[in-house]
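Colleague: how would this look folded up:
(chains A and B)
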Amino acid sequence: MTGPLDGVRVVEFSEIIAGPVSGVMLSDLGADVIKVEPPWGDPWRDGGGPFAEHESRPFIAVNRGKRSIQLDLTKDGGREAAHRLVKIADIVITNHRPDVPAKLGIDYDTLSAINPRIIYCEASAYGLEGPYAGGPGYDVLAQAFSGIILSEGIMWRGVPRMIRTTPFVDFATGYAIVQSVCAALYYREKSGRGQKIGTSLLANAMMFQSGQLARTSGGTTRPQQWHDEDLPMLQAAGVASSEINDLYFETRSFPSALLIYYRPYHTADGLIAVACLSEPLRKRMCECVGFEDRRFEPGYDLEAPESIEFADHLLEKVEGLIAEKSSEDWLRIFHEAGVPAMPVQYVDGLLDNEQAIANGLVIEQEHHAGGKMKLVGPLSNWSENTPEAKLPSPALGQHTAEILAEAGYSAAEIASLLESGAALG
Amino acid sequence: MAGPLQGIRVIEFSQIIAGPVSGVLLSDLGADIIKIEPPWGDPWRAGIAPLSESESKGFITVNRGKRSVCLDLNSEEGQSIVHRLVSKTDVVTVNNRADVLDALKIDYETLRKIRPDLVYSEITAFGREGPFAGNPGYDLLMQGLTGIMAAEGNMDGYRYGDQKLNEGVPRYLSVMPMVDYATGYSVVQSVCAALFHRERTGQGQKIETSLFANALTIQGLSLTQVENAPSPTFDFVQNDLPLLREAGLTYREIDAIYRERRPTPFGAFIYYRSYQTADLVITLGCLSEPLRKRAADCLGIEDIRFDEGYDPTTEESIEFAFTLARKAEAMIKEKTAEEWLRIFDAAGVPAAPLLYIEEMIDHPQSKATGMIIEQQHPVGGRVRYAGPLSKWTETQPEPVRISPARGEHTREVLSEAGYSDAEIEAFHQAGSAKTG
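Modeller: Sure, this is the predicted structure:
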């Protein structure tokens, strides 16, 4: 059985992370994904330090499932080849700066004239309007611009640092491209019409922060007031960013209940996390751990100073109680009582994790330079279509000749394109 | 002009965050979303930033664009109403435990008999297989379990005035539940791909994804690197960690050892990070060598690590990296944020100001993109949040509805399904359907 996008051809003119992530997911869903690379290759081929020429592990992570064709779009022959590919494609994905596609002849107007049914998805950094419209986009900049770094407030070498575990704004944008092109395929199936879709790193950084944004609703909230009145004065006075950071956190509401019921804890021998987001679960946790929380009483004022003091004492007590037993004991106790709890682990063991393997989340592929590699597999299971991780991450230009032949070029024409440097590989 | 999913009807049984996020995104794409709530409502109605007994800003955020129908699925009557609604529905989303789906008669086998081409999307915590298959899932647990919390390694605790709590254990990322959101996104892509497939073949199906699967997916880059066994960190987790735990070391002590083993990414300490300028903080985002070289030029620093064949792993190299980082820090402190942003922009070096979310929400860029939408909520007053993610030339999505009150649309939806006023009133009296 094949994936739901069986027979759909994607041409990916995208680099680094966000666009390439969408290509991986589309390939898992059954699409034929052709990655068009410039003569020097996707710059991310060196990302995080290469282990062979043009190959790094972070590159492989976001390029499995694709075929690579290497074209010089500044040459007529290369551009012509790209256009012939688009003619037999359904989807085009780009994530260049807004002025670049037109220069390379891969803008929507040009490509939709060649193939009116084409679905063209463009991921920009900050959207196509506004003062930053032409701006470059990288996860760290999107984190900085959208408030993520300052909300998290983790200091490193005296300045707030990014969330470093994963470029999750890039990943979110990759997901958004996939959902957009799938919705557009559905629409095209009904109407016969292709179209251009634009999304941005900023849009997805904001969507992920929707909850924070709803709380930032202007005028009356303390953080808003702080932002409008205190912040300009502090900045004008040259107060250090670490001090401003401390003051900012004082204005934010104190999640006292969450500090007990939704957090990691030290046990006698390790770390566990508990996650009780509703009152029934919180009450169960009280019973398991053996403490009383009078804040469940109706009408209790959480903001009163004595309430905050009560919360502090209670927190210390709970920390003490949880430190008395081992992780294994607590997980068993919580599990039996239906209290959500899990161990805190390192990422390093995850690809050997029983749970991940049992659900088909770990795949193994033979990479031409890296040998056998374990990677994260498709993220959904389907009853009719089976998403499947197919090809390993390609070498630069590995499929140039093969793809040109599919686009209708003769062997002699391909040889001459390679000769002129319009196509490489 | 409406979104690409115009005419598609979705019934959402999901609760809390991950499932409801998918409903918001599907509604932005033009689908009609009917949220079926139990008599006590989605528990997240009492979520973060409460406004009243049954409304909170946390809930409003992930439930805009929907209509709410309140049904008691423990009653046969409530079940029969759902089954009639499903007969006119394209998509169902659930995130309940398997036994609950069976008990409420909203499992796939039951519903596909009513609607054979149904697209049924199920979110689980850990998948339906493996030792954790039946366990509950929350964003925090996924952050802990999949290594996000440990890799972030922020043990500063929470500050509140003079108080500092939670020191010494890693804090979870609290800005947003990123695993929940990723999972909500993945539901939308699956549902849309399945609708495309249904359009071509007439076939519906069930699709399952999990919080766990999406936590792994968004960590794809780290996972590719840790697999490089025998790497120092991999070796540490396999061999040293159990011994250190047995010896009773604190988490902070163990973390220090873990971090020593993690390789320092080349260049990352200068070219991809935040900096203090003479006044504000800015960030620099150079991920490729040409960009890094341009940044080095702007800063007037000489980075010998660009030389062919340079070995970044020797002791001198690490010393050099730190010296250069200190030099860059000092250089950047000499000019203001505005000056640096102008210099970097002119040289084509990716850089951005570091903003508070309260600054960003009113920033001309946020407004220009149309990403900030503002709605009036009957209880919450003015609320602002992120609008539709994408702009479409043919089928521009538009956000329509504010988050509904519990059961606000029970009467409307049931009468669309062909129930008479008298029947609806009788359901309300019996408690099988609540009209608000």
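Colleague: and the closest residue to A:Gly408 other than its chain neighbours, what does it touch?
Modeller: Excluding the flanking residues, the one nearest A:Gly408 by Cβ to Cβ, 6 or more residues apart in numbering or on different chains is A:Arg84, at 6.5 Å. (C-beta placed from N, C-alpha, C; glycine too.) Going by Cβ atoms under 8 Å, 6 or more residues apart in numbering or on different chains, A:Arg84 touches A:407-409.
Colleague: Likewise for A:Gly105?
Modeller: By Cβ under 8 Å, 6+ apart, A:Gly105 lies in contact with A:73, A:79, A:82-83.
Colleague: rewinding a little: what helix or strand does the residue nearest to A:Gly408 sit in?
Modeller: Counting by DSSP states H and E, the element that carries A:Arg84 is helix A:76-87.
Colleague: residues of that helix that come out buried?
Modeller: Using 16 or more other Cβ atoms under 10 Å in any protein chain shown as the test for burial, helix A:76-87 gives A:77-86.
Colleague: For the helix or strand hosting B:Arg245, buried residues please.
Modeller: In this assignment (DSSP H and E), B:Arg245 forms part of helix B:241-246. For helix B:241-246, the neighbour count (16+ other Cβ under 10 Å) marks B:241, B:244-245 as buried.
Colleague: Dump those to TSV, plus distance to A:Asp139 and pLDDT.
Modeller: Supplementary listing: the buried residues of helix B:241-246 in TSV, determined by distance: Cβ to Cβ, whole Å; pLDDT from 0 to 100:
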residue	distance to A:Asp139	pLDDT
B:Leu241	29	84
B:Leu244	32	87
B:Arg245	33	83
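Colleague: Any idea how far stretch A:93-102 is from the middle of the chain?
Modeller: With Cα atoms, centre = their mean, to the nearest Å as the basis, stretch A:93-102 stands 20 Å off its chain's centre.
Colleague: er, stretch A:310-319 I mean
Modeller: In this view, stretch A:310-319 has its centroid 36 Å away from the chain centroid, taken as Cα atoms, centre = their mean.
Colleague: And it, what's buried?
Modeller: A:310-311, A:314-315, A:318-319.
Colleague: What of stretch A:87-104?
Modeller: Neighbour-count burial for stretch A:87-104 flags A:89-96, A:98, A:101, A:104 (criterion: 16+ other Cβ under 10 Å).
Colleague: can you tell me which two in the residues you listed are farthest apart?
Modeller: By the measure Cβ to Cβ, A:Asp90 and A:Pro98 form the most distant pair in the buried residues of stretch A:87-104, at 23.3 Å.
Colleague: Residue ranges in the chain under the pLDDT threshold?
Modeller: No chain was given, so I picked chain A. Applying pLDDT under 70 to chain A picks out residues A:1, A:217-221, A:223, A:252-258.
Colleague: wrong chain, I was asking about chain B
Modeller: For chain B, residues meeting the criterion pLDDT under 70 lie at B:1, B:158-166, B:227-231, B:262-268, B:397-399.
Colleague: residue nearest the centroid of chain A?
Modeller: A:Phe171 (1.6 Å; Cα atoms, centre = their mean).
Colleague: returning to what we had before: return the subset of the buried residues of stretch A:310-319 lying in strands.
Modeller: When those are checked against strands (DSSP state E), there are no matches.
Colleague: how does the chain divide up, domain by domain?
Modeller: Since you didn't name a chain, this refers to chain A. Here the domain assignment for chain A is A:9-207+A:359-424, A:216-251, A:256-347, based on automatic domain parsing.
Colleague: I was after chain B.
Modeller: Taking automatic domain parsing as the domain assignment, the ranges for chain B are B:9-158+B:175-217+B:369-434, B:228-261, B:268-356.
Colleague: Pick the most deeply packed of those.
Modeller: Of all the domains of chain B, domain B:9-158+B:175-217+B:369-434 has the most neighbours on average by mean count of other Cβ atoms under 10 Å in any protein chain shown, namely a mean of 22.
Colleague: shouldn't A:Ala184 be in contact with A:Gly198?
Modeller: No: when contacts are counted by Cβ atoms under 8 Å, A:Ala184 is not listed as touching A:Gly198 (11.9 Å).
Colleague: Spell out which residues are contacts of both of those two.
Modeller: Joint contacts of A:Ala184 and A:Gly198 (Cβ under 8 Å, 6+ apart) are A:Cys121.
Colleague: These two: which is more packed in?
Modeller: More crowded of A:Ala184 and A:Gly198, by other Cβ atoms under 10 Å in any protein chain shown: A:Ala184, with 28 against 23.
Colleague: Please flag which of the buried residues of stretch A:310-319 sit within helices.
Modeller: The members of these that map onto helices under DSSP state H are A:310-311, A:314-315, A:318-319.
Colleague: check those against chain B, which are close?
Modeller: Restricting these to those near chain B by Cβ under 8 Å from any Cβ of the partner chain leaves A:Leu315.
Colleague: which one of the ones in helices among the buried residues of stretch A:310-319 sits closest to B:Glu208?
Modeller: For those, the minimum distance to B:Glu208 (Cβ to Cβ) is 35.6 Å, reached by A:Val318.
Colleague: State the distance from that closest one to B:Gly78.
Modeller: 39 Å (Cβ to Cβ, to the nearest Å).
Colleague: just B:Lys57 next, same as before
Modeller: Distance check for B:Lys57 against B:Gly78: by Cβ to Cβ, it reads 29 Å.
Colleague: Contacts for stretch B:323-335, please.
Modeller: Residues outside stretch B:323-335 that contact it (Cβ under 8 Å, 6+ apart) are A:157, B:269-270, B:275-278, B:282, B:299-301, B:303, B:340, B:343.
Colleague: Mind putting these into TSV with distance to A:Thr386 and secondary structure?
Modeller: Output for the contacts of stretch B:323-335, formatted as TSV (distance: Cβ to Cβ, whole Å; DSSP: H, G, I helix; E, B strand; the rest coil):
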residue	distance to A:Thr386	secondary structure
A:Arg157	48	coil
B:Phe269	43	helix
B:Ile270	45	helix
B:Tyr275	48	strand
B:Gln276	51	strand
B:Thr277	52	coil
B:Ala278	57	coil
B:Ile282	47	strand
B:Leu299	51	helix
B:Gly300	56	coil
B:Ile301	52	coil
B:Asp303	48	coil
B:Trp340	51	helix
B:Ile343	52	helix
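Colleague: Need those in TSV (columns: distance to B:Pro364).
Modeller: Converted to TSV, those look like this (distance: Cβ to Cβ, whole Å):
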residue	distance to B:Pro364
A:Arg157	31
B:Phe269	32
B:Ile270	30
B:Tyr275	24
B:Gln276	25
B:Thr277	21
B:Ala278	24
B:Ile282	18
B:Leu299	28
B:Gly300	32
B:Ile301	33
B:Asp303	35
B:Trp340	20
B:Ile343	21
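Colleague: Tell me which two in those are the farthest apart.
Modeller: B:Ala278 and B:Asp303 (22.9 Å).
Colleague: In the stretch 201-350 of chain A, what residue lies closest to chain B?
Modeller: Chain B sits closest to A:Val347 of the stretch 201-350 of chain A, with a gap of 2.7 Å, by Cβ to the nearest Cβ.
Colleague: so which of the domains of chain A is the most packed in?
Modeller: domain A:9-207+A:359-424 comes out most buried of these by mean count of other Cβ under 10 Å, with a mean of 22.
Colleague: how long is it from one end to the other?
Modeller: End-to-end span of domain A:9-207+A:359-424 (Cα to Cα, to the nearest Å): 21 Å.
Colleague: Show me which helix runs longest in chain B.
Modeller: Longest helix in chain B, counting residues (DSSP H): helix B:178-201.
Colleague: Specify the next element, helix or strand, located C-terminal of that helix.
Modeller: Per DSSP H and E, the first helix or strand lying C-terminal to helix B:178-201 is strand B:205-210.
Colleague: What is whichever helix or strand comes after that following strand packed up against?
Modeller: Using DSSP H and E, the next helix or strand after strand B:205-210 towards the C-terminus is helix B:211-218. Applying 3 or more Cβ pairs under 8 Å, 6 or more residues apart in numbering or on different chains; DSSP states H and E, one finds that helix B:211-218 contacts helix A:168-191, helix A:354-358, helix B:139-145, helix B:178-201.
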